[in-house]
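Participant: how would this look folded up:
(one chain, ligands or ions: 3)
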Amino acid sequence: MRTDDTVARQGGDEFVIILIDLSPEFEKAAVQAEGIAEKIRSAINRPFELQGSKYHTSPSIGICLFGGHEITMDELLKRADTAMYQAKQSGRNTIRFFDPATHAAMEMRIALETDLRRAVPENQLRLYYQMQVDQTGHIHGAEVLLRWQHPKQGLVPPLQFIPLAEDTGLILPIGYWVLETACVKLKAWASDPNARHLQLAVNVSARQFRHPDFVEQVCAVLDATGIDPAKLKLELTESLVLDNVSDTIAKMQALKNIGVHFSLDDFGSGYSSLSYLSQLPLNQVKIDQSFVHNIGVKNTDAVIVQTIIGMANNLGLNVIAEGVETQAQRDFLERNGCPNYQGFLFGKPVPLAEFEILLLKNKRG
Ligand code: C2E
Ligand code: MG
Ligand code: MG
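Facilitator: Ligands and ions are numbered 1, 2, ... in the order given. Take a look at the predicted model:
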């Protein structure tokens, strides 16, 4: 480095270098910075020996140019970090400049967050219902799946905004809205002979479940609506339940005691250990759709499906398969002892009015 430059250790294996007195012209400054970065990269990349063994490091370098105080120090470090992350992603041992496109993506995320804050108060959230059927094709329930009716972008699927909602804590009011809306529907169905048997499955995300008031919130919604708690099934994922097993068991047990059901979503995709699984007060496991899709395609996945069904049966748990798209998948599942299905073969997620029509048809058919 030049004597005027600053080299600092930021923590762990991260270092920050400040280069001063580069050209006032943006492009020239970029070329200078890249030249120095390249020198550093090749120096660090050289093999070295420690106690007789050869070692080799591949540094990833992110560069962000700045001309004065137009952005804060925090922002500057964030940009350098974004650039460094991109260097890592492009296979390490590379240099990347902070890229305005990445920056634009970040800005879009911020804009989306601003919009998402309005989603609940401005009534932009929708619930879609996807039927769950038994061996005879009878609808015994549905999973409620969230959609966001964005004023400009149209219907936004959950995977595009739930991660953001989780990061920002907006999942708390959103999750509460989903729970409440589902329970209000169950209450209306309780006096309808065509629908009173239905159970609704509600997805619960980690941040929502970990909230200290989660159990109380569910109880409050159950009290307010007066529904049979057994009509409510909460879907938790493997990674959620395993993250803090004792907290998970305590909360699940408290809700199970009043009659709420639990299903383990996306089962098989995580790393559940059997000993934990048997400790959880579950009612159901839901076979992840990736395995269902591979029935007849990848033999090891078919074997995993058989193993999950066998395990669920041995533990006295109900089992359902999701993402069932073909008759062959359904038949394989039935032959192997899985009597409940959800998937496009039976019905896509649809708005409430359409779901209620499907219910009537299902009854007649
Ligand atoms: P999930 O709970 O595993 O939901 C199943 C997803 O698979 C849904 O996608 C559904 O539309 C889709 N699916 C169902 N059948 C089939 C099929 O036969 N083939 C294929 N290819 N896909 C099928 P969706 O609605 O986009 O939801 C994605 C994820 O978003 C959900 O995965 C869940 O993790 C999350 N999510 C949805 N609604 C909520 C919610 O209210 N709260 C929370 N926390 N998460 C939600
Ligand atoms: Mg689910
Ligand atoms: Mg799933």
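Participant: use CA for all of it now, contacts and neighbours both
Facilitator: Fine.
Participant: which residues does residue 154 contact?
Facilitator: Residues near residue 154 by C-alpha atoms under 8 Å, 6 or more residues apart in numbering: residue 148.
Participant: bridging residues for it?
Facilitator: Here residue 154 shows beta-bridge partners residue 150, assigned using DSSP bridges.
Participant: Return the distance of it relative to ligand 3.
Facilitator: Distance, residue 154 to ligand 3, by C-alpha to the ion, to the nearest Å: 24 Å.
Participant: nearest residue to the residue in the chain that ligand 3 sits nearest to other than its sequence neighbours?
Facilitator: Closest residue of the chain to ligand 3, C-alpha to the ion: residue 266 (4.2 Å). Excluding its sequence neighbours, the residue lying closest to residue 266 (C-alpha to C-alpha, 6 or more residues apart in numbering) is residue 288, at 4.0 Å.
Participant: May I ask you to confirm that the one you found is in contact with residue 267?
Facilitator: Yes - judged on C-alpha atoms under 8 Å, residue 288 makes contact with residue 267 at a distance of 5.0 Å.
Participant: Looking at the two, which is more packed in?
Facilitator: Between residue 288 and residue 267, counted using other C-alpha atoms under 10 Å, the more crowded position is residue 267 (25 against 20).
Participant: Mind pulling up the pLDDT for that one?
Facilitator: With respect to pLDDT, residue 267 scores 92.
Participant: Report the contact partners of it.
Facilitator: 237-238, 285-288.
Participant: Give me the subset of those lying in helices.
Facilitator: Counting by DSSP state H, the contacts of residue 267 place residue 238 in helices.
Participant: Return the item of the contacts of residue 267 having minimum pLDDT.
Facilitator: Within those, pLDDT is lowest for residue 238, at 89.
Participant: And the host helix or strand of residue 308, what's buried?
Facilitator: Remark: residue 308 resides in helix 299-314, with elements defined by DSSP states H and E. Across helix 299-314, burial judged by 16 or more other C-alpha atoms under 10 Å covers 301-302, 304-306, 308-310, 312.
Participant: repeat for stretch 10-24
Facilitator: 16, 19.
Participant: could you pull out the helices for this protein?
Facilitator: Using DSSP H, helices in the chain cover 26-45, 73-89, 100-119, 162-168, 171-190, 206-210, 214-225, 238-243, 245-257, 274-279, 289-293, 299-314, 327-335, 352-364.
Participant: quick check, the last one touching ligand 1?
Facilitator: No - with C-alpha under 6 Å from any ligand atom as the measure, helix 352-364 is seen stopping short of ligand 1, the closest distance being 13.9 Å.
Participant: how much does that helix deviate in direction from helix 171-190?
Facilitator: 40 degrees (axes from the mean of the first three to the mean of the last three C-alpha atoms, to 10 degrees).
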